[in-house]
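1. got a predicted model here, sequence first, then my questions.
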Amino acid sequence: MRKQRAIDIVNQSLPRRYRSERRFKWYGIAAIAASIAFLSLLFISIFANGYSAFWQTYIQLEVHFDPEIIEQDSLATANYQGLVKKTLRDMFPEAKSRRDKRQLYSMVSGGATFQLRDAALTDPKIIGETLSIWVPADDDVDMLVKGHIERNVPEGERRLNDQQLKWLDALAAQGKLEKRFNTVFFSVGDSREPELAGIWGAVMGSFFTLVVTLLLSFPIGVAAAVYLEEFAPKNRWTDLIEININNLAAVPSIVFGLLGLAVFLNFFNLPRSAPVVGGLVLTLMTLPTIIIASRSALQSVPPSIREAALGVGASKMQMVAHHVLPLALPGMLTGTIIGMARALGETAPLLMIGMVAFIVDIPGGFTDPSTALPVQVYLWADSPERAFVERTSAAIMVLLAFLITMNAAAIILRKKFERRW
Amino acid sequence: MPATTLLFVLLLLSLVGYYFGRRRAFVVAGSPSQVKELHSRPTYYGALTALWCGIPALLIFGFWLAFEDTIITQLVVAQFPEELHKLSAAKLNLIVNNIRNLVSGNITSGEIDATMQAAADHYRQLQTISSAALSVIAVAIAIGGILLVRGRIKASLRARNQVESIIKYVLIACSTIAIFTTIGIVLSVLYEAIRFFQIIPITEFLFGLEWSPQMAIRADQVGSSGAFGAIPVFMGTLLISAIAMVVAVPIGLMSAIYLSEYANRSFRSLAKPLIEILAGIPTVVYGFFAALTVAPFIRETGSMLGMDVSSESALAAGLVMGIMIIPFVSSLSDDFINAVPQSLRDGAYSLGATQSETIRKVIIPAALPGIIGGILLAVSRAIGETMIVVMAAGLSANLTVNPLKTVTTVTVQIVTLLVGDQEFDSPKTLAAFALGLLLFIVTLILNVIALYVVRKYREQYE
């Protein structure tokens, strides 16, 4: 047998090696495809679950503001619930038994009562007249209209019985059942009734929390970065600060919540569930991010700028304030916006300091009890009603919209002001 | 006056101080042509006045607000009738809370008797006094600061140097906040954890095999004895983190390799941001996704294959957590792969290696320390992740490695123990701080190792 030359061995192994080369490349493509697939699956599942929450089913009622039920002198406390019930009985006189009546009443949201009261209070002249008013339907009706409750399953497995379906069909035939844009969702606070629950309270809570976070973390973060980058001598003390900052950036967020609970709530007796405490905790959490981003922005300013400023006689502080800071500011702002976006999406530390309560009122200040948008998502995700699933998804869509806007702003800022030296 | 108004007044006074100081500097200088005779530019005299006006007053303001409540409570408690002082600390605490609720107009628990009403009135009165005193003192200090500096303004006053040194001290103070945060975390968590270990021995906590933190309310109650062995909780955390890493490391690493070695510019600039979006999505969204979409999917797939899958399986939580961590692994690995010098690649190619052989035999070994550092950071992130596991993993602490069963994690237990009503002397609440301490220590160790490795590696090729 002829002795094999090295080149033959290489040539023999080439097909195998090329196959493994192609395989390896395909692994890479598969990995990227998998991550992008996960991302789209996440978005699609949220969107598919949530888009319908932006519409809400309304039922038209012909309400006769009966002066016998509503007396002029006690408009605020009159029996509006009775009025709603009477209207429904008039619309469907066939509901005679107690059970039927109860089911009839349950088709209209409890919010109808308040809507009628508000109507009577704003314009007392309507008493004695008959008005057609659109009131929100109950969440079960809403789910049925949107197709989230199956019609075809046996009666016992449905949340609405056959009689209620018949009434709904009658309403729909008369044009008294309509899907409208869900303004309630964007204008009120939390509620136990899905059709009356909104995110505005949580949005305001998040807003106040973020204002506190921004007002504290931006100046402090920039100041710390300026000191460490421009003034600090290289010694053990600054090394310690640096190690601390890097570690804090990787400490789990829930630990900051524990700190907030032990220090701000139990030691300083600050109010529970208040945006100001949430802001303080999130400040401590985002500070490392902002400091690190600001330091790299300062590092990217070339030393020639500093030397030129010092050369014409500026003091060190003047050099920083007049020349280095303005040049580094876009980078610092970008880092701050990204830090704020992280703070906006953060939930765990807020759970620790009690921003997880059921709060109906819309917070009006920094010490009012409130929740935050991600916490609202968490609260609704725990609720058993089917209608809260779509509202949770819708709240997530709003949250993601805010985050995308903030990140887009950061990217635009970076693109616009980025300077290559 | 209310705190916010006072804050505004103080800021306004600082502004006034700036104006006065600056004008004084012009006056001292005399004619406009003599302004250059001043040691510093006039704005520095203004700034010096503003700083002396604002900083002391704001410091007083901050300290006052921080300790006002504690001191008032102490004073009110001191005024309590004799028989109340004989009550236990917990009862006393309850009464104080009720009084606070009464003061702020909230609903109180239990009925209100005359002594409590009196105490609440006393409290309210002290609050009014304190608020008024704070306003007077803060404003007086602010105005005093203005007058003091204004009187000292001369042409030879080194205003710029003074302003700059004050600002420098402010900068130093800001940079030490990181240290105080760490100290605060350690102290607050340690303090409560030590109280916990006084009730439950530390060995039982670290090595006990049973975790059921619900304490019996009555002594004769059956069950819920309260067992605080944290091993099942750790195992659950490890299991879920391990599943997450099994998902995240291969996908993250391979996509980093593809993006940095194979992909062309346009594909890279498209795919990289897309993957990084995964890092920007709030964890509560992942939790909802896991609970609503992934967990039912896994359960149904399991039941089709004839397996009994829990609806809160570790697999669902771990899988989704893995998705969350992909971008961390991929962007860190990307950095380190890019940091490998081109000469190493060229050397391998010139020996006839294919691209994948170069990557596997040369680049990955060269970048390995950095990649391991990145993976350690990702592990620390997985261990500390809260919302995904709170929403998708279970509460019951099972000692199992079966990913289809329900397990619980450290963070889930912290959240369940601390959300809602707390009593700060029961081991149930304190256990959360003990778990928090452990979480902090474990992640700290991981981070320190990871940061050390990463830093060491970065230096290697620079």
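-> All right, it came through fine. Values in this document were obtained by computation on a predicted structure and should not be read as measured data. Residues are numbered from 1 along each chain as shown, chains lettered A, B, ... in the order given.
2. contacts and neighbour counts: CA atoms only from here.
-> Fine.
3. quick check: the closest residue to A:E230 other than its chain neighbours vs A:V301, distance?
-> Excluding the flanking residues, the one nearest A:E230 by Cα to Cα, 6 or more residues apart in numbering or on different chains is A:V320, at 7.8 Å. Note on A:V320: its distance to A:V301, by Cα to Cα, to the nearest Å, is 11 Å.
4. what about these two, which has more around it?
-> Taking other Cα atoms under 10 Å in any protein chain shown, A:V320 and A:V301 do not tie; A:V320 has more neighbours (22 against 18).
5. which SS class is the more buried one?
-> In three-state terms, and counting by DSSP: H, G, I helix; E, B strand; the rest coil, A:V320 is helix.
6. then B:I371?
-> helix.
7. contacting residues for it?
-> Neighbouring residues of B:I371 by Cα atoms under 8 Å, 6 or more residues apart in numbering or on different chains: B:329, B:332-333, B:336.
8. can you list the low-confidence ranges for the stretch 51-200 of chain A?
-> A:72-73 (pLDDT under 70).
9. how about the strands of it, start to end?
-> Remark: strands assigned in the stretch 51-200 of chain A by DSSP state E, counting those that start in this stretch are A:55-64, A:130-136, A:177-181.
10. who wins for proximity to chain B among the ones you listed?
-> Closest of these to chain B is strand A:55-64, at 21.4 Å (criterion: Cα to the nearest Cα).
11. can you tell me what sits against that closest one?
-> A:83-84, A:87-88, A:108, A:127-137, A:141-142, A:145, A:171, A:176-182, A:195.
12. whichever strand or helix holds A:A202 and chain B in contact?
-> For A:A202, the host element (DSSP states H and E) is helix A:200-226. Yes. On the criterion Cα under 8 Å from any Cα of the partner chain, helix A:200-226 is in touch with chain B at A:220-221, A:223-226.
13. quick check, pLDDT for B:G420.
-> Predicted confidence (pLDDT) for B:G420: 65.
14. I meant B:T108, not that one.
-> 64.
15. for B:I112, same thing?
-> Reported pLDDT for B:I112: 67.
16. what does the stretch 151-300 of chain B put close to chain A?
-> Going by Cα under 8 Å from any Cα, the residues of the stretch 151-300 of chain B near chain A are B:164, B:168, B:170-176, B:178-179, B:181-182, B:184-185, B:188-189, B:250-252, B:254-255, B:257-258, B:262, B:271, B:274-275, B:278, B:280-285, B:288-289, B:293.
17. what subset of those is buried?
-> B:164, B:168, B:170-172, B:174-176, B:178-179, B:181-182, B:184-185, B:188-189, B:250-252, B:254-255, B:257-258, B:262, B:271, B:274-275, B:278, B:280-285, B:288-289, B:293 (16 or more other Cα atoms under 10 Å in any protein chain shown).
18. of all the residues in chain B, which one is nearest chain A?
-> For chain B, Cα to the nearest Cα, closest residue to chain A: B:S175, 4.0 Å.
19. need the nearest residue in space to that residue, chain neighbours excluded.
-> Counting by Cα to Cα, 6+ apart, the residue nearest B:S175 is A:A224, at 4.0 Å.
20. surely the one you found touches B:L171?
-> Yes. Counting by Cα atoms under 8 Å, A:A224 touches B:L171, with 5.8 Å between them.
21. can you list contacts of the next helix or strand after the helix holding A:A202?
-> Following helix A:200-226 in sequence order, the next helix or strand is helix A:236-250 (DSSP H and E). Residues outside helix A:236-250 that contact it (Cα under 8 Å, 6+ apart): A:228, A:232, A:285-286, A:288-289, A:291, B:175-176, B:178-179, B:182, B:377, B:380-381, B:443-444, B:447-448.
22. same deal with stretch B:75-85?
-> In contact with stretch B:75-85 (Cα under 8 Å, 6+ apart) are residues B:92, B:96, B:115, B:119, B:122-123.
23. export those to JSON lines and tack on distance to B:R152, pLDDT and neighbour count?
-> Output for the contacts of stretch B:75-85, formatted as JSON lines (distance: Cα to Cα, whole Å; pLDDT from 0 to 100; neighbours: other Cα atoms under 10 Å in any protein chain shown):
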{"residue": "B:L92", "distance to B:R152": "53", "pLDDT": "75", "neighbour count": "15"}
{"residue": "B:V96", "distance to B:R152": "49", "pLDDT": "77", "neighbour count": "19"}
{"residue": "B:T115", "distance to B:R152": "54", "pLDDT": "76", "neighbour count": "12"}
{"residue": "B:A119", "distance to B:R152": "49", "pLDDT": "80", "neighbour count": "23"}
{"residue": "B:H122", "distance to B:R152": "44", "pLDDT": "84", "neighbour count": "18"}
{"residue": "B:Y123", "distance to B:R152": "43", "pLDDT": "84", "neighbour count": "22"}
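24. pull the most distant pair out of those.
-> Using Cα to Cα, the contacts of stretch B:75-85 reach their maximum pairwise distance at B:L92 and B:H122, which is 16.6 Å.
25. hang on, the earlier thing: the residue nearest to B:S175 and B:T182: what is the separation?
-> Taking Cα to Cα, one finds A:A224 at 16 Å from B:T182.
26. surely A:T130 and A:T87 touch.
-> No. Counting by Cα under 8 Å, A:T130 does not reach A:T87; the two are 10.4 Å apart.
27. so the two - more neighbours on which side?
-> A:T87 (18 against 13).
28. who does the closest residue to that one other than its chain neighbours form a beta bridge with?
-> Spatial nearest neighbour of A:T87, chain neighbours left out: A:V63 (5.8 Å); criterion: Cα to Cα, 6+ apart. Counting by DSSP bridges, A:V63 is bridged to A:L131.
29. tally up the residues packed near A:V63, please.
-> 21.
30. and what of B:S156?
-> Neighbour tally, B:S156, other Cα under 10 Å: 11.
31. next one: it, what pLDDT does it get?
-> For B:S156, the predicted pLDDT is 85.
32. quick one: it is in a strand?
-> No. Counting by three-state DSSP, B:S156 is located in no strand; its state is coil.
33. show the contacting residues for the spatially closest residue to it that is not a sequence neighbour.
-> Among residues not flanking B:S156 along the chain, B:H39 sits closest, at 5.4 Å (Cα to Cα, 6+ apart). Each residue near B:H39 by Cα under 8 Å, 6+ apart is listed here: B:155-159.
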